[in-house]
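J.: sequence-free structure coming up:
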């Protein structure tokens, strides 16, 4: 039977007018016209602001170019959409979602792509948009949020279901649809959403499904298409073919745009801003700041350029000395200063408002006393600026206002920090040290230059090689600006979500799905009904063959789900089965966050099966010196084993995280919860770090390498267990904080 042969019944819309209704020519999603006018300056007289889309100040496109408008609804992947379309030699501009159709027609756009985003189309404060988009002759492709918006605009319904989807998934597509031309029926795609299309109206056709879930719709006659998944990311294997089909088969565009020489673009940008000014570059030793240094060296005279490396006390063991030495080897003169004590006692001066406010006397706790990951990042980011100013004043007799600050800020940094430079509607995932309020104030005053804001990590590496930088510098694993401070999970009390007890039971049901214990359980039946038939079959077979325990840890880690930030529990799996059943554990790590709404990350705990619930934590801050030295020691061990094994380039990054969790102790007395920590290994595979997968032992990295890391780390005092993060991105971010 062809699952795409029938259409669902039409239904009333939720919160917006359907296409074809009398009201559909007016803007919807908000009743406040002042919001629209303030952001657009009126419908026709003033064009909407163009978000950074192709480098640093783009010349006007040639009049004969076929142009695509990317309407931004706040997606973490908005820039990736732009990049994919440009790689197919089609010109793009990123515009706010609320851009009226009249503006798009006036500016000659020949196709529209609507991005994903963290909002709900049926929320009371749903984003403003022009429903005339779906009545226009311009072909439209809606992605994720754009897909749901399209379904709602045509009269369908969107709502929440019992499970969410975050991860790479196999779906079934209609090969007769032009959108899936030259593609197989079964496709691997990235789904990341909590809301789902529940009713498709008669004027749309279903063109893709994930079991019973609709993930693709079309109005062929009007050239309007929508997909719930993200074709722009690497985890959608044939995403580029989908873009080819939309751009060339459906929209009939010409591939008549050629990307400029990106190195020359960066050099021109630096020249136009620097002129005769002095430039300060904070060099971490990572590829981003090193590429910036190489670019600056081509433009600036030696007496114009100040390269400063600051040791914040949370670097890897001996890292600062190695960074300075490596930069000297490529001919860069580096000032090195150790401000470890200044950072430990640093506080953040909180502004009255989020953006652009003057600092006031309200201060945070010191960094050593802070447990909130966002607060840690903001303190460290602001302190970098403060100590840089100290060096300028005391050593160089300059003021911060006298120099231009150059940063190796990448597009993902701005997106994850919810910078308005990158998106008008995105949600903050984590604040990057190069995009704090302090930096935003300097940026607003024209004191910051950032030549790489249009780049992703893989593009920076290619640019670095083109600039002649050594491969060992270009291929260095990323290391967060705040350093190991955000690789220590700080906590002063156990965390339990409101649905903690339910989550514990759900996790037990999944890990022992075939057990007769659950056969009369209503909750077991609910889980079964939420799973696909294939997932039910997998869980039956896996839990019969292996005894696997699942425990909800009383800590939280940061994740990204549905283009928004999550801050949820971590699940730990353990088993006595040997060899370790990595493929089974990996599959459980995919299923668990879909069913357990309060879990966004899953790790395997090495050692025997865990027998007791983990209810207490080791109170942890950055105050005790032994906490920092402990993470430095275990990180150094893991990184050395990885390097010595020849596996360093097999993964894109391997964060090592210290968590305040003690296993194997039946700690019933809350007055004595133990003083040990556990260590998490996070080998990760990604090209652009927007999405990625956990490196699987025995497949992506030799298992014996990981087992050696575990053995060596367990020799360090005060370590309870070693864990291995099995979570893809999404739902988990690369870092835990």
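T.: Looks like it arrived, so ask away. In this text, all values refer to a predicted model and were calculated from it rather than measured experimentally.
J.: what's the following helix or strand after whatever helix or strand residue 150 lives in?
T.: In this structure, residue 150 sits in helix 145-153 according to DSSP states H and E. Under the assignment DSSP H and E, the closest C-terminal helix or strand after helix 145-153 is strand 157-173.
J.: Quick check: next helix or strand after that following strand?
T.: Assigned by DSSP H and E, the successor of strand 157-173 is strand 186-199.
J.: So which elements touch that next one?
T.: Applying 3 or more C-beta pairs under 8 Å, 6 or more residues apart in numbering; DSSP states H and E, one finds that strand 186-199 contacts helix 145-153, strand 157-173, strand 213-219, strand 548-561. Bear in mind the C-beta positions are built from the backbone N, C-alpha and C, glycine included.
J.: Let me see the mean pLDDT of the last one.
T.: This means strand 548-561. Strand 548-561 shows a mean pLDDT of 95.
J.: which parts of it are buried?
T.: Residues 548-561 are the ones in strand 548-561 that count as buried (16 or more other C-beta atoms under 10 Å).
J.: Can you list the buried residues in the next helix or strand after that strand?
T.: Downstream of strand 548-561, the first helix or strand assigned by DSSP H and E is strand 564-575. With burial defined by 16+ other C-beta under 10 Å, the residues of strand 564-575 counted as buried are 564-575.
J.: Would you mind identifying the next helix or strand past strand 564-575?
T.: Sequence order places helix 582-595 as the next helix or strand after strand 564-575, per DSSP H and E.
J.: In a helix, residue 243, correct?
T.: Yes: judged by DSSP: H, G, I helix; E, B strand; the rest coil, residue 243 forms part of a helix.
J.: got the buried residues for the helix holding residue 150?
T.: For helix 145-153, burial by neighbour count (16+ other C-beta under 10 Å) applies to 145-153.
J.: Mind listing residues that contact stretch 263-274?
T.: 55-57, 295-296, 298-300, 304, 404, 449, 451-452, 463, 466-467 (C-beta atoms under 8 Å, 6 or more residues apart in numbering).
J.: Report the buried members of those.
T.: 55-56, 295-296, 299-300, 304, 404, 449, 451-452, 463, 467.
J.: hmm, which two among these are most spread apart?
T.: Maximum pairwise distance among the buried ones among the contacts of stretch 263-274 (C-beta to C-beta): 22.7 Å, between 55 and 304.
J.: now, which of the buried ones among the contacts of stretch 263-274 sits nearest residue 601?
T.: Closest to residue 601 out of the buried ones among the contacts of stretch 263-274 is residue 452 (29.2 Å), distances taken as C-beta to C-beta.
J.: and the closest residue to residue 370 other than its chain neighbours, helix, strand or coil?
T.: Nearest non-adjacent residue to residue 370, counting by C-beta to C-beta, 6 or more residues apart in numbering: residue 376, 5.2 Å away. Of the three states, residue 376 takes helix under three-state DSSP.
J.: i'd like the first residue to be 871 from this point on
T.: In the new count, where the first residue is 871, that last one comes out as residue 1246.
J.: For residue 1462, which residues are in contact?
T.: Residue 1462 neighbours (C-beta under 8 Å, 6+ apart): 1377, 1380, 1420, 1441, 1469, 1472.
J.: closest to residue 1200 among the residues you listed?
T.: Of all the contacts of residue 1462, residue 1472 has the smallest distance to residue 1200: 40.9 Å, by C-beta to C-beta.
J.: No further questions, thank you.
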